[in-house]
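**Student:** here's a sequence, model it:
(one chain, ligands or ions: 2)
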Amino acid sequence: MPDHRSSRGLLRLLRPRRSTVRLRLTFLQGALFLASGAALIGITYLLAVAEFPARHTTQGLSGTGTTTGGSAGVSTGKAPHESVQTAQRAADLHQFLTESVIALVITVILSVGLGWLVAGRILRPLRTMTTSTRQIFEDNLHERLAVQGPRDELKELGDTIDGLLARLEAAFEAQRRFVANASHELRTPLTLEQTMLEVALADPAATAETLRSTCEDVLASSRQQERLIDALLTLARSQRGLDHRQVFDLGAVAASVLQAARPHAEHAGLHLRAALTPVQVSGDPRLAERLVANLVDNALRYNVPDGTVDVTVGGSAVLTVTNTGPVTPADQIERLLQPFQRMAAGRSGVQDGLGLGLSIVAAVAKAHDALLDVRPGPHGGLRIMVSFAVSQAAGRHSGRGAHRGNGLVRSERQSR
Ligand SMILES: Nc1ncnc2c1ncn2[C@@H]1O[C@H](COP(=O)(O)OP(=O)(O)O)[C@@H](O)[C@H]1O
Ligand SMILES: [Mg+2]
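**Tutor:** Ligands and ions are numbered 1, 2, ... in the order given. Here you go, the predicted model:
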């Protein structure tokens, strides 16, 4: 059996390592050179052969002209001369062929050698790019290939890889930031709860009343923690995309959210106005409800006394939430869509939330292939528009918005 193994190893050694582009280019060039050289020799040879009888005839005629009388003695005297000429001609052609073939072999060898060098020169940037790309890992994602030289296909490839690295770096950075923020947000209430319990237990004058109050504080803190974990899970779920879709009425979803929010609006002295049209969209109704709830919650929370909140659902499956409130600079909007990002604390005199609301909105919109448009509201606050795709089944029924339900995916964040 060891014979088997050793013969296999020998075969592996004998087998050409791998057919590289350089090798292929060289062989291709050699083959093309050989083919065109052979064609050239062939054509020249054929032309020479075709020319031979013509010359032969001309020489024959001139020979007749010089002789007088054209007697039989003359014609028998010409025959050996012609055959010598023919033999000479054939020998010339043979020599021409032999020399041409030798010259062709030499030039093919030269061209293969030169081809190998030129192919190596052309492919050098590609090898450099491969080596550099192999050396880029998670911790040095900031490095770039930065291919120099003319704007050719190789530079374009280098720039494309650099673009990919930039996107990967941004994604890794966002991931790191998210993990750091999430662990900080999760640890803060835990530390607070531990401190509250330690202080209560270490107090020698603690009464049932003070212990009860501490327990209530710890409970409130753990509820806050539960909300955070719940929001993180929703974010992760919506970022994963939709496992299955079902057709639901976006107008009805918005109506149920508004019904729950109305007491809060009244309590806060805000005017909550709604114009809802029934429209069928396809997706996850629970995530869509979460999206509407987050937008309405924000619109009520970051508002001004006697302010307004307008919620509309249009026939083309566009949800709009507009609220009055402190002015939000347009250049801050992209940031606010990221997890754990908020405006300066206490801006509108309200308690800060978790900072996950808008990132959940963005993730749910993306999962539904919906277009999210966030811009400062006309009277402060924000105006947020989420354009869903009308469900195809519903589109056939109503004939409305059928152009959006044709499977074209449009999902992007816009902030102006
Ligand atoms: N409708 C809105 N009007 C004004 N500001 C808003 C509105 N929605 C969100 N914001 C601002 O964007 C920030 C991020 O919102 P969000 O992601 O929902 O987090 P959270 O509400 O938990 O703070 C908020 O802290 C707030 O400053
Ligand atoms: Mg919020």
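**Student:** what about the helices in the stretch 101-250 of the chain?
**Tutor:** Ranges of helices in the stretch 101-250 of the chain, per DSSP state H, counting those that start in this stretch, are 153-202, 208-239, 250-268.
**Student:** okay, these in JSON lines with mean neighbour count next?
**Tutor:** Where you see a C-beta, it was placed from the backbone N, CA and C, and this is true even at glycine. Converted to JSON lines, the helices of the stretch 101-250 of the chain look like this (neighbours: other CB atoms under 10 Å):
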{"stretch": "helix 153-202", "mean neighbour count": "13"}
{"stretch": "helix 208-239", "mean neighbour count": "14"}
{"stretch": "helix 250-268", "mean neighbour count": "17"}
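**Student:** in a markdown table: the ones you listed, plus distance to ligand 1.
**Tutor:** Shown next, in a markdown table, are these (distance: least, CB to the nearest ligand atom, whole Å):
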| stretch | distance to ligand 1 |
| --- | --- |
| helix 153-202 | 11 |
| helix 208-239 | 8 |
| helix 250-268 | 13 |
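**Student:** pull up the residues of the stretch 1-150 of the chain that are close to ligand 2.
**Tutor:** Contact residues, the stretch 1-150 of the chain versus ligand 2 (CB under 5 Å from the ion): none.
**Student:** shaky segments in the stretch 1-150 of the chain?
**Tutor:** Scanning the stretch 1-150 of the chain for pLDDT under 70 picks out the ranges 1-19, 52-79.
**Student:** how about the helices of the stretch 101-250 of the chain in CSV, adding mean pLDDT?
**Tutor:** CSV is the format used below for the helices of the stretch 101-250 of the chain (pLDDT from 0 to 100):
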stretch, mean pLDDT
helix 153-202, 93
helix 208-239, 94
helix 250-268, 96
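**Student:** wait, which of the ones you listed is closest to Ile102?
**Tutor:** Smallest distance to Ile102 across these (CB to CB): 38.4 Å, for helix 153-202.
**Student:** and that closest one, what other elements does it pack with?
**Tutor:** Contact partners of helix 153-202 among helices and strands, from 3 or more CB pairs under 8 Å, 6 or more residues apart in numbering; DSSP states H and E: helix 72-134, helix 208-239.
**Student:** quick one: work out the angle between that helix and helix 208-239.
**Tutor:** 160 degrees (axes from the mean of the first three to the mean of the last three CA atoms, to 10 degrees).
**Student:** and helix 153-202, how far from the chain's centre?
**Tutor:** Relative to its chain's centre, helix 153-202 lies at 22 Å (CA atoms, centre = their mean, to the nearest Å).
**Student:** then stretch 200-216?
**Tutor:** How far stretch 200-216 lies from its chain's middle: 57 Å, per CA atoms, centre = their mean.
**Student:** how about that stretch as PDB, C-alpha atoms only?
**Tutor:** Only the C-alpha atoms of stretch 200-216 are listed here, as PDB (Å, rounded to 0.1, in the frame of the first residue of the first chain):
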ATOM      1  CA  ALA A 200     -30.400  49.800  51.500                       C
ATOM      2  CA  LEU A 201     -28.800  46.600  53.100                       C
ATOM      3  CA  ALA A 202     -26.000  48.500  54.700                       C
ATOM      4  CA  ASP A 203     -28.300  51.000  56.300                       C
ATOM      5  CA  PRO A 204     -28.700  50.000  60.000                       C
ATOM      6  CA  ALA A 205     -31.800  52.200  60.400                       C
ATOM      7  CA  ALA A 206     -33.500  50.600  57.400                       C
ATOM      8  CA  THR A 207     -37.200  50.100  57.800                       C
ATOM      9  CA  ALA A 208     -39.800  48.100  55.900                       C
ATOM     10  CA  GLU A 209     -40.800  51.400  54.200                       C
ATOM     11  CA  THR A 210     -37.300  52.300  53.000                       C
ATOM     12  CA  LEU A 211     -36.600  48.800  51.800                       C
ATOM     13  CA  ARG A 212     -39.900  48.800  49.900                       C
ATOM     14  CA  SER A 213     -39.000  52.100  48.300                       C
ATOM     15  CA  THR A 214     -35.600  50.600  47.200                       C
ATOM     16  CA  CYS A 215     -37.300  47.600  45.800                       C
ATOM     17  CA  GLU A 216     -39.600  49.800  43.800                       C
END
